[in-house]
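Q: got a structure for you, letters missing:
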C-alpha cells in the first residue's frame with residue numbers, strides 16, 4: 001500500500017505500508033465518490049448546524065445549560081464540516097495550499113471531530129442528571145456551569161486531537177503527518193487506539209448508561225409523553241452506534257496491518273474499500289445532530305418557527321406579511337415565560353426529548 005493511496009482513502013491520512021498491491025481502481029473510486037459525499041455532508045451539515053447556531057443565539061428566552069451544550073455542539077460540527085471541502089479538493093488535486101493552511105484545516109477537522117463526540121456525550125450526561133437526579137442537581141445546572149463545562153470540553157478536544165494535527169506538514173503535494181522516523185510506528189498505532197477508545201468505546205459506554213437510566217426513570221413516572229421520549233432516546237443511541245461503529249472497526253483493522261495481520265492483497269483492498277464506505281457514513285452523523293438533538297425538541301422547534309416568522313416580517317415591507325409582525329412577539333414572550341417556569345422542574349429537560 002503506497003502513501004498516496006492511503007491518503008486518498010481517509011482524511012486522517014494514514015501512512016505508508018510497503019505492500020506490493022495494485023490499488024489504482026480504489027484510488028479512482030475514491031477520487032470520484034469521496035469528494036461528492038464530502039460535498040453533501042458539508043452542504044447539509046453547514047445549513048443544519050448554522051440554523052441551530054442562529055436560532056439559539058437569537059432566542060429571546062433566557063439561555064439554559066442545555067442551550068449552551070447544543071450551541072457548542074453546533075460549533076464543533078461546523079468546524080468539522082468546514083474542513084471537508086479542503087479534503088475533497090486534496091483528494092482530487094493534491095494539496096495546493098500552503099503549509100499553514102494544511103495545519104489549520106487539519107486542526108479544524110480533528111478538534112471538531114473530537115469536540116462533537118464529547119459534546120454529544122456531555123449532553124447525554126446532562127440529560128441523565130436532569131431527569132434521574134432532578135431534585136438533587138437542579139441548583140448546580142446553571143448557565144455558568146454550562147460555560148465552564150464547555151471550556152473544559154474544548155480543552156479536552158484540543159488535547160486528544162493534537163496527535164492528529166501537531167505533526168501535519170505540507171510535503172510536496174501532500175498534507176500529511178511527518179513523524180520522527182524512530183517513533184513513526186508508535187505514533188501511528190497510538191492514533192488508531194486513541195480514536196477507537198476516546199472516539200467510540202468510552203463515549204458509547206457513557207451514552208448507553210445514561211439513556212438506560214433515563215428510560216428506567218421514565219418508565220417509573222406517569223407521563224403520557226414518555227413513549228415518545230423513549231423513542232427519541234433509543235434513536236440517539238442506535239444512530240450513534242450505527243453511524244460510528246463501522247468506521248471505528250475499519251480503523252481498528254487498519255491498525256492491525258502494522259502487526260502483519262493482513263498480508264494478502266485482497267484483504268488490504270477490502271480494508272481500503274471499507275474505509276471509503278464507512279468514513280462518509282460516520283461523517284454524516286454531524287448532519288443528523290441538529291435533527292436528533294435539537295429539532296426533536298419542542299422548545300427549539302417553536303423558537304425556530306418564531307425566528308422564521310421574524311425573518312419574513314423583516315423582509316416584507318407591507319401587505320400580508322404585516323400579520324406576522326403582530327403575531328410574533330406574543331408567542332415568543334409567552335414561550336420564554338413557559339421555558340423559564342419549566343426550567344425549575346425536571347420536565348424542562350424531558351421537553352427537548354419530545
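A: Good, I have the coordinates. These figures come from a predicted structure and were not determined experimentally.

Q: tell me where the stretch 151-300 of the chain has helices.
A: Counting by DSSP state H, counting those that start in this stretch, the stretch 151-300 of the chain has helices at residues 184-196, 202-220, 226-256, 265-283, 285-289, 298-315.

Q: pipe those helices into a markdown table and attach distance to residue 123, mean pLDDT and mean neighbour count per row.
A: All C-beta atoms are positioned from the backbone trio N, CA, C, and that covers glycine. Below are those laid out as a markdown table (distance: least, C-beta to C-beta, whole Å; pLDDT from 0 to 100; neighbours: other C-beta atoms under 10 Å):
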| stretch | distance to residue 123 | mean pLDDT | mean neighbour count |
| --- | --- | --- | --- |
| helix 184-196 | 21 | 87 | 16 |
| helix 202-220 | 9 | 88 | 16 |
| helix 226-256 | 9 | 81 | 17 |
| helix 265-283 | 18 | 85 | 18 |
| helix 285-289 | 10 | 86 | 24 |
| helix 298-315 | 13 | 67 | 17 |
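
Q: for residue 169, find the nearest of these.
A: Nearest to residue 169 among the helices of the stretch 151-300 of the chain is helix 184-196 (13.7 Å), distances taken as C-beta to C-beta.

Q: same for that closest one, what does it pack against?
A: helix 226-256 (3 or more C-beta pairs under 8 Å, 6 or more residues apart in numbering; DSSP states H and E).

Q: report all helices and strands that the helix it packs on contacts.
A: Against helix 226-256 (3+ C-beta pairs under 8 Å, 6+ apart) you get helix 99-132, helix 184-196, helix 202-220, helix 265-283, helix 285-289.

Q: so how far is the shortest one from its chain's centroid?
A: So that's helix 285-289. In terms of C-alpha atoms, centre = their mean, to the nearest Å, the centre of helix 285-289 is set 6 Å apart from its chain centre.

Q: ditto for the fourth one
A: Relative to its chain's centre, helix 265-283 lies at 20 Å (C-alpha atoms, centre = their mean).

Q: list the helices and strands it packs on?
A: helix 3-9, helix 24-58, helix 226-256.

Q: tell me which of those sits nearest to residue 201.
A: Using C-beta to C-beta, the helices and strands packed on helix 265-283 put helix 226-256 closest to residue 201, at 8.1 Å.

Q: specify the angle between the closest one and helix 265-283 in degrees.
A: Relative orientation of helix 226-256 versus helix 265-283 (axes from the mean of the first three to the mean of the last three C-alpha atoms, to 10 degrees): 150 degrees.

Q: now render the helices of the stretch 151-300 of the chain as JSON lines, adding distance to residue 110.
A: Converted to JSON lines, the helices of the stretch 151-300 of the chain look like this (distance: least, C-beta to C-beta, whole Å):
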{"stretch": "helix 184-196", "distance to residue 110": "10"}
{"stretch": "helix 202-220", "distance to residue 110": "16"}
{"stretch": "helix 226-256", "distance to residue 110": "14"}
{"stretch": "helix 265-283", "distance to residue 110": "13"}
{"stretch": "helix 285-289", "distance to residue 110": "14"}
{"stretch": "helix 298-315", "distance to residue 110": "28"}
